[in-house]
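Student: For reference, the sequence and a predicted model appear below.
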Amino acid sequence: MPEGPEIAREADQIRAAVLDKRVERVHFGLPHLSRREAAFEDARVVSVRPRGKAMLIGFDNGLTLYSHNQLYGRWYVRKAGSLPKTRRQLRMAIETQDRWALLYSASEIDVLDEVGLSMHPYLAKLGPDVLDPTLEAATISARLEDRRFQRRGLGALLLDQSFVAGLGNYLRSEIAFEARLHPDQRPLDLDPADRRRLARATLKMARRAYETKGVTLPRSQAAALRRAGQSWSRARHWVFARARQSCRRCDDTIVRFDLAGRRIYVCPTCQVLR
Ligand SMILES: [Zn+2]
């Protein structure tokens, strides 16, 4: 599933293609939405915002297109008149004179007015967005002291979109490693320095992944691995998807286990369970 950094990059592409443009047509591939198409005639796109793992595209008619990619949804941006070669189902098309933004396979699509937007059940539950440039480590640190989150294991908490929105499976492994914390620890077990480290690691890993198209290793380190002949996917992460390989910091062997139903990777030396 795409995580916050991937959704944010999709938003950048859509923004570059359709922001401030008048639409010639908005088309829905879901029958129950087709009667809403007329409301978008001649409307102008005024905002493209990722929120958690959802996309919000606002128009000057007061309506917002909400979509959530779930597992299979995928955005394409194409020149007007051309469609991608894919077997996926077209679910939504935002067509301007020059460019089309096309959403395939996603089934969670909605047309929301201002009230619908403020009351949307998924959006209402979301915590602060990890890629919001105004989000500070101190805010995340304070959330770690919140009673709602204090007794949760870090591995589960880092996937909870109500804690911080936009984190997903590779980021949770990388954040816990960067913070040198074991995912079975709880915020309650951490001292203030641990909490600050975890908060900073959360922002650092997500922002780096956004800037590098998904690489969480420092740029220089990833580049050195590539020069040494490693593939992109093997020069990408500290621990994620690296079971039985050596830790890049201490040489101990990375272990994989399942946590909250999904795989997580840990260095037993760098991330001691205290
Ligand atoms: Zn290590």
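Tutor: Received the coordinates, thanks. Numbers count the residues shown, from 1 in each chain.
Student: any weak-confidence spans in the stretch 101-250 of the chain?
Tutor: The stretch 101-250 of the chain contains no residues with pLDDT under 70.
Student: try 90 this time
Tutor: 106-107 (pLDDT under 90).
Student: Please, where are all the strands along it?
Tutor: 108-112 (DSSP state E, counting those that start in this stretch).
Student: Give me the neighbour count for the residue in the stretch 51-200 of the chain that the ion sits nearest to.
Tutor: Using C-beta to the ion, Phe177 is the residue of the stretch 51-200 of the chain that sits closest to the ion, at 7.9 Å. Just so you know, the C-beta spots here come from the backbone N, C-alpha and C atoms, and that holds for glycine as well. Per other C-beta atoms under 10 Å, the neighbour tally for Phe177 reads 27.
Student: does it really touch Trp238, like I thought?
Tutor: Yes - at 4.7 Å, Phe177 counts as touching Trp238 under the criterion of C-beta atoms under 8 Å.
Student: Might you enumerate the residues of the stretch 101-250 of the chain proximal to the ion?
Tutor: When proximity is defined as C-beta under 5 Å from the ion, the stretch 101-250 of the chain approaches the ion at Cys247, Arg249, Cys250.
Student: Identify the residues contacting the closest residue to Ala243 other than its chain neighbours.
Tutor: Nearest non-adjacent residue to Ala243, counting by C-beta to C-beta, 6 or more residues apart in numbering: Arg256, 3.9 Å away. Counting by C-beta atoms under 8 Å, 6 or more residues apart in numbering, Arg256 makes contact with Ala243, Arg263, Ile264, Tyr265, Val266.
Student: Name the SS class of Arg256, please.
Tutor: Classification of Arg256 by DSSP: H, G, I helix; E, B strand; the rest coil places it in strand.
Student: any idea how far it is from the ion?
Tutor: Remark: distance between Arg256 and the ion (C-beta to the ion, to the nearest Å) = 14 Å.
Student: could we number from 42 for the rest of this?
Tutor: OK, 42 is where the count begins now, so the last one is Arg297.
Student: picking up where we left off before, can I get the buried part of the contacts of Arg297 as one ChimeraX selection?
Tutor: Entered in ChimeraX, the line below selects the buried ones among the contacts of Arg297, by 16 or more other C-beta atoms under 10 Å:
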select :305,306,307
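Student: from the contacts of Arg297, which is closest to the ion?
Tutor: Of the contacts of Arg297, the one sitting nearest to the ion (C-beta to the ion) turns out to be Val307, at 9.0 Å.
Student: Per-residue pLDDT of that closest one, please?
Tutor: In the prediction, the pLDDT value recorded for Val307 is 98.
Student: For it, which residues are in contact?
Tutor: Ser214, Ala217, Phe218, His223, Pro224, Val280, Ile295, Val296, Arg297, Phe298.
Student: repeat that for 10 Å
Tutor: 196, 214, 217-218, 222-225, 280, 284, 288, 295-298, 300, 313-314 (C-beta atoms under 10 Å, 6 or more residues apart in numbering).
Student: List phi and psi for it.
Tutor: With angles defined as degrees, to the nearest 10, Val307 sits at phi -140, psi 140.
Student: Ile135 now?
Tutor: Taking degrees, to the nearest 10 as the convention, Ile135 sits at phi -110, psi 110.
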